[in-house]
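Peer 1: missing the sequence, but the structure's below:
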């Protein structure tokens with residue numbers, strides 16, 4: 001769920017987000033690179049026209065109008081990067097979590113002695129850092 005936006009965005013962040021989404025929308029419409037670049041330059045010119053807008057109320061209205069225009073002109077089948085949310089290969093290759101290595105057989109661990117020696121040291125350092133910051137676990141409060 002790392003792709004979900006959290007927090008409040010500033011006006012500048014919202015404008016940058018609108019610009020990027022508009023560029024991605026143009027990519028969906030124009031397959032030929034030179035045509036896309038021409039449309040991107042025209043889009044940038046529209047944004048640059050109002051970059052120094054002193055009246056914040058007008059800037060907010062321009063932003064709302066831009067977001068509405070993007071919504072009304074969005075591509076029916078937008079392009080996605082293959083490994084991005086919505087892409088054909090999203091979460092196809094799952095990286096196993098680190099704790100899986102704890103269950104390796106000792107003969108498997110013996111093939112990489114330096115790695116597992118350093119890993120055990122780092123685990124001890126992490127536990128020490130955790131206990132220093134959060135305190136030791138109370139054995140009475142263990143839940144099974």
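Peer 2: Yep, that arrived. Bear in mind that the values here come from a model prediction, so they are computed numbers and not experimental data.
Peer 1: so where's the chain shaky on pLDDT?
Peer 2: Counting by pLDDT under 70, the ranges of the chain that qualify are 1-3, 5, 142-144.
Peer 1: Show me how it divides into domains.
Peer 2: The chain breaks down into these domains under automatic domain parsing: 1-93, 98-141.
Peer 1: and those as a markdown table, adding mean neighbour count?
Peer 2: C-beta: built from backbone N, CA, C; applies to glycine. Compiled in a markdown table, these are given as follows (neighbours: other Cβ atoms under 10 Å):
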| stretch | mean neighbour count |
| --- | --- |
| domain 1-93 | 12 |
| domain 98-141 | 10 |
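Peer 1: could you point out which element follows the host helix or strand of residue 26?
Peer 2: Taking DSSP states H and E as the criterion, residue 26 maps to helix 11-29. Downstream of helix 11-29, the next assigned helix or strand under DSSP H and E is helix 33-48.
Peer 1: helices or strands next to that next one in the packing?
Peer 2: helix 11-29 (3 or more Cβ pairs under 8 Å, 6 or more residues apart in numbering; DSSP states H and E).
Peer 1: Going by residue numbers, what spans are helices in this protein?
Peer 2: Ranges of helices in the chain, per DSSP state H, are 11-29, 33-48, 56-72, 106-109, 113-134.
Peer 1: Switch those helices over to a markdown table; also include distance to residue 82.
Peer 2: Compiled in a markdown table, these are given as follows (distance: least, Cβ to Cβ, whole Å):
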| stretch | distance to residue 82 |
| --- | --- |
| helix 11-29 | 14 |
| helix 33-48 | 19 |
| helix 56-72 | 23 |
| helix 106-109 | 33 |
| helix 113-134 | 31 |
